[in-house]
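From the sequence below, what's the structure:
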Amino acid sequence: MNKSIVSFNDTETAFRSKSNADLNRANWLFRLLSYNWLVQISPALVNIALWLHLPIKGIIRATAFRHFCGGESIDQCKSTIENLAKFHIGTILDYSVEGKESEEDFNRSLQQTLSTIAKAKGDKHIPFSVFKPSGIGSIQLLEKKNEGKLLSTEELEQYSRFYTRVLQICQAGYDNNVPIYIDAEESWIQIVVDELAREMMIKFNRKKAIIYNTLQMYRTDRLSYLTACIEHARTNEYILGVKIVRGAYMEKERERAKKMGYPSPIHENKAGTDKDYNAAIALCVQHIDRVYLCAGTHNEASCLELTNLMKEKNITNDHEHIWFSQLYGMSDHITYNLAKEHFNTSKYVPYGPITSVLPYLIRRAQENTSVAGQTGRELSLILTEKQRRKKATN
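Numbering: from 1, shown residues only. From the prediction side, this is the model:
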């Protein structure tokens, strides 16, 4: 297959799946997201509206939920999966219910994840499944375990149930040949997640990557950890699966470090994160015989860096070891233009009941406003495409 460097300025390709009404809605949404103060107070506004029984759910359903989510259930995501598939883009169904703490909620998340695996079985349009460890186990419990504290009998039983859920998901992925992404967590519970991910890789990644751990490169220690992971996989003869992201909890990490008086685990500036991110994908490409990589990023420069590395190493665009991934409703100029050039691409498609997915939507909105230039870039691309279409009809 011929290789080429991708242009992310091709808005016709980027928004080919969007109607004029879709573009107008996206334009309105990202304009709202450009007001940082509005995003910051949105949780309180939404809670008040729900408490007053105002018709906020209908508004959210027609706007943010429609733009960023696939539906309230797996079945409701069908049209999204089909629409992405038309453009050779895979769907990663992500049950995005956050902040739940009961065993009932954990078991519900488990069953939803198992259902996404069953849905993905044999379907090339759903190349991966994903789960968040804190969605199937108590954050307080994982934090205590992470610190190496002695667990009570009841806590040991809780952890055993959490471990069993993780194993069930990974076993189902292996049995159904559906690779599983284990999402990253805050640094104060990540050691537990890393150890579990490694254990599952040793068990299930003997011939190919079924289990992927997620590394957040805004952490200063992750590049050295990645190097150690590659060496461990080679020494112990298993395949390393990694999803490389920049990170999702920057403000929270810094605030906690300051409050508790320990050095922040996060790079001081974006340049440090960018440097480590690009070094990480280069390291993975260097060891591509042993590593399966997903570059989860909305950063154009990093995506181009990876496509250039692949070209230099004579790695085909559709090499099964390398995937690109972005969130549904964002960075279509990256996803659709990569897919056009036959790179393996996917979208994280969140789903779940509207009120339960609200914390996820608000967190994503806050992350979006904290990334310099993200909202402005989205708006400029939408405006460019609107103008292109207007000229085309004149």
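
Now do the contacts for I266.
By C-beta atoms under 8 Å, 6 or more residues apart in numbering, the contact set of I266 is Y218, R219, T220, G247, M250, E253, R254, A257. Glycine gets a C-beta too; all of them are placed from N, C-alpha and C.

redo that, cut-off 6 Å
Residues near I266 by C-beta atoms under 6 Å, 6 or more residues apart in numbering: Y218, M250, E253, R254.

quick one: which of those sit in helices?
If you go by DSSP state H, the contacts of I266 have M250, E253, R254 in helices.

Quick check: closest non-adjacent residue to the second one.
Read that as E253. Spatial nearest neighbour of E253, chain neighbours left out: I266 (5.0 Å); criterion: C-beta to C-beta, 6 or more residues apart in numbering.

Check what pLDDT that neighbour gets.
For I266, the model assigns a pLDDT of 96.

Can you pull the phi/psi pair for it?
For I266, the backbone dihedrals are phi -100, psi 140 (criterion: degrees, to the nearest 10).

which residue ranges form the helices in the stretch 101-250 of the chain?
For the stretch 101-250 of the chain, the helices defined by DSSP state H, counting those that start in this stretch occupy 103-120, 139-146, 153-175, 187-204, 222-235, 250-260.

out of these, nearest to G296?
G296 sits nearest to helix 222-235 of all the helices of the stretch 101-250 of the chain, at 13.5 Å, using C-beta to C-beta.

List of residues touching that closest one?
By C-beta under 6 Å, 6+ apart, the residues outside helix 222-235 that reach it are L215, L240, D276, A279, A280, H287, R290.

Am I right that the fifth one sits in a helix?
Yes - inclusion of A280 in a helix is indicated when DSSP: H, G, I helix; E, B strand; the rest coil is applied.

Settle this for me: it is touching I244, isn't it.
Yes - counting by C-beta atoms under 6 Å, A280 touches I244, with 5.0 Å between them.

Which pLDDT value belongs to N36?
For N36, the pLDDT comes out at 69.

again, but for the one 4 residues further on
At Q40, the model reports a pLDDT of 64.

same question, the one 3 residues further on
As summarised for this prediction, P43 has a pLDDT of 61.

repeat for N47
Per-residue pLDDT puts N47 at 64.

so what's I89 bridging to?
Residues in a beta bridge with I89, per DSSP bridges, are T345.

ok, now which ones touch it?
Contacts of I89 by C-beta under 6 Å, 6+ apart are T335, A339, T345, K347.

please redo it, this time with the cut-off set to 7 Å
T335, A339, T345, S346, K347 (C-beta atoms under 7 Å, 6 or more residues apart in numbering).

The second one and R165, how far apart?
This means A339. 33 Å (C-beta to C-beta, to the nearest Å).

now do the fourth one
Between S346 and R165 the distance is 24 Å, computed by C-beta to C-beta.

now the last one
As for K347, its distance to R165 is 26 Å (criterion: C-beta to C-beta).

still on that earlier bit, Serialize the contacts of I89 to JSON lines and add fields for distance to T375.
Shown next, in JSON lines, are the contacts of I89 (distance: C-beta to C-beta, whole Å):
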{"residue": "T335", "distance to T375": "17"}
{"residue": "A339", "distance to T375": "23"}
{"residue": "T345", "distance to T375": "22"}
{"residue": "S346", "distance to T375": "23"}
{"residue": "K347", "distance to T375": "19"}
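
Which two of the contacts of helix 222-235 have the greatest separation?
Farthest-apart pair in these is D276 and R290; separation 20.2 Å (C-beta to C-beta).

Neighbour count for those two, which is higher?
Remark: of D276 and R290, D276 carries more neighbours, 23 against 17, as counted by other C-beta atoms under 10 Å.

Quick one: residues contacting that one.
With contact set as C-beta under 7 Å, 6+ apart, D276 has these partners: M217, R222, L223.

Which pLDDT value goes with it?
D276 carries a pLDDT value of 98.

May I see the buried residues of the helix or strand containing it?
Using DSSP states H and E, the element containing D276 is helix 270-286. Buried residues in helix 270-286, counting neighbours by 16 or more other C-beta atoms under 10 Å, are found at T273, D274, D276, Y277, N278, A280, I281, L283, C284, V285.

Y348 versus the second one, what's the distance?
Computed as C-beta to C-beta, the D274 to Y348 distance reads 21 Å.

next one: the first one
Going from T273 to Y348 by C-beta to C-beta gives 20 Å.

The fourth one now?
Taken as C-beta to C-beta, the spacing of Y277 relative to Y348 amounts to 18 Å.

Regarding the residue nearest to I322 when sequence neighbours are not counted, what is its secondary structure?
Computed as C-beta to C-beta, 6+ apart, the closest residue to I322 that is not its neighbour in sequence is L293, at 5.3 Å. Secondary structure for L293, judged by three-state DSSP, is strand.

In contact with L293: list those residues for me.
By C-beta under 7 Å, 6+ apart, the contact list for L293 reads V242, I244, I281, C284, H321, I322.

any chance of the helices of the stretch 101-250 of the chain in CSV, plus mean pLDDT?
Rendered in CSV, the data for those read as follows (pLDDT from 0 to 100):
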stretch, mean pLDDT
helix 103-120, 97
helix 139-146, 96
helix 153-175, 98
helix 187-204, 98
helix 222-235, 98
helix 250-260, 92
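
Convert the C-alpha atoms of the one helix or strand L304 maps to to CSV, please.
Taking DSSP H and E as the criterion, L304 maps to helix 300-312. Written as CSV, here are the backbone C-alpha positions of helix 300-312 (Å, rounded to 0.1, in the frame of the first residue of the first chain):
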residue,chain,number,x,y,z
GLU,A,300,-1.9,16.8,15.2
ALA,A,301,1.9,17.0,15.5
SER,A,302,2.0,13.7,17.4
CYS,A,303,-0.2,12.0,14.8
LEU,A,304,2.1,13.3,12.0
GLU,A,305,5.1,12.2,14.0
LEU,A,306,3.8,8.6,14.1
THR,A,307,2.9,8.5,10.4
ASN,A,308,6.4,9.8,9.6
LEU,A,309,8.0,7.2,11.8
MET,A,310,5.9,4.5,10.1
LYS,A,311,7.0,5.7,6.7
GLU,A,312,10.7,5.8,7.8
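
Right, I'll leave it there.
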